[in-house]
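**Student:** heads up, no residue letters with this:
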């Protein structure tokens with residue numbers, strides 16, 4: 001029914017009930033965007049084309065946006081509150097397999113402040129402007145407010161070289177990056193295929209193609225198309241309470257395939273959370289496609305066209321059924337330390 005942008009009418013709604021065993025923090029500050037935000041756009045950004053992706057590869061993505069320069073999200077007070085929330089929730093952190101030693105997932109079910117920040121309409125508008133396309137907070141709540149903590153072992157990277165299992169996100173410095181030694185957020189000036197080739201050759205990434213943005217303090221972010229930009233958290237050189245937060249978004253344009261990788265999240269997330277969240281996410285995508293079909297399917301006797309549109313509308317639900325039927329325990333994909 002055409003290749004023009006087809007926008008979902010609305011983002012997926014956040015669950016109205018908490019999962020069993022989850023409860024919100026007591027006595028945390030109430031999120032107030034007037035107090036806790038200090039939005040400043042990045043001064044520059046790189047496109048996927050700048051990173052070396054082909055026109056064919058870019059055409060499969062919802063935006064040509066690659067990675068931003070440093071932008072500001074939180075005020076000093078906002079960063080202070082979020083650091084307190086992260087420290088309060090750290091006891092709920094868990095292993096991210098061999099990729100991350102300590103990470104927090106599902107924090108939006110434990111902190112109203114974190115939940116409201118991640119769902120904030122002002123931040124969402126800000127992100128849409130940076131990405132250059134309409135977006136919404138991710139329809140899988142486990143991808144909202146994901147926190148990474150410093151490893152106990154300084155010989156480990158905070159997070160190994162990888163691409164995200166989500167498409168669009170930001171990485172927020174929760175702790176003060178000016179006080180840490182090492183532990184830089186870094187990204188590679190190149191494509192995923194290049195990194196895969198370097199890994200297969202047993203070589204290291206060229207240092208002149210590794211970017212380490214300089215953050216002025218806590219509350220600053222890098223925005224990226226995380227499934228296309230290879231990035232990591234480097235090794236700390238001294239013990240430090242390093243905390244970052246990742247918040248994910250989905251494009252409202254339903255024309256593009258979902259980049260989410262089920263086996264990655266299946267390997268680390270509680271199944272009683274990720275299984276229904278995955279089903280709702282895929283159902284939301286299909287609902288958008290079905291709504292479009294209902295509104296736009298033309299009068300025609302072309303049954304091939306009609307069948308094709310119906311198959312496309314339900315393929316995400318069918319994929320979810322296949323994913324949930326798969327007995328593979330899953331694994332976190334990454335490129336190692338390089």
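**Tutor:** Noted; the coordinates are in hand. Everything numeric here is computed off the predicted structure, so don't read it as measured data. Residues are numbered from 1 along each chain as shown.
**Student:** can we go C-alpha only for contacts and neighbour counts from here?
**Tutor:** Noted.
**Student:** Is residue 307 located within a strand, as I assumed?
**Tutor:** No: assigned with DSSP: H, G, I helix; E, B strand; the rest coil, residue 307 falls outside any strand and is helix.
**Student:** From residue 296, how far off is it?
**Tutor:** Using Cα to Cα, to the nearest Å, residue 307 is found at 14 Å from residue 296.
**Student:** Now tell me what touches the lowest-mean-pLDDT helix or strand in the chain from outside.
**Tutor:** Every helix and strand of the chain was ranked by mean pLDDT, DSSP states H and E. The lowest is strand 94-96, at a mean of 93. Residues outside strand 94-96 that contact it (Cα atoms under 8 Å, 6 or more residues apart in numbering) are 101-104, 268, 332.
**Student:** Go again with 6 Å.
**Tutor:** With contacts defined as Cα atoms under 6 Å, 6 or more residues apart in numbering, strand 94-96 is touched by 101-103, 268.
**Student:** Report how many residues lie close to residue 320.
**Tutor:** Residue 320 has 19 neighbouring residues, counting by other Cα atoms under 10 Å.
**Student:** where does the stretch 201-338 of the chain dip in pLDDT?
**Tutor:** By pLDDT under 70, the stretch 201-338 of the chain has no low-scoring segment.
**Student:** Tell me where it has helices.
**Tutor:** 262-266, 271-296, 303-325 (DSSP state H, counting those that start in this stretch).
**Student:** The last one packs against which elements?
**Tutor:** What it means is helix 303-325. For helix 303-325, the elements it packs on are helix 271-296, judged by 3 or more Cα pairs under 6 Å, 6 or more residues apart in numbering; DSSP states H and E.
**Student:** ok, what's across the strand from the spatially most central residue of the chain?
**Tutor:** The chain has residue 248 as the residue nearest its centroid, 3.4 Å off, counting by Cα atoms, centre = their mean. Counting by DSSP bridges, residue 248 is bridged to residue 169.
**Student:** List the residues that contact it.
**Tutor:** Residue 248 neighbours (Cα under 6 Å, 6+ apart): 138, 143-144, 168-169.
**Student:** So which of the residues you listed is the closest to residue 112?
**Tutor:** residue 144 (12.2 Å; Cα to Cα).
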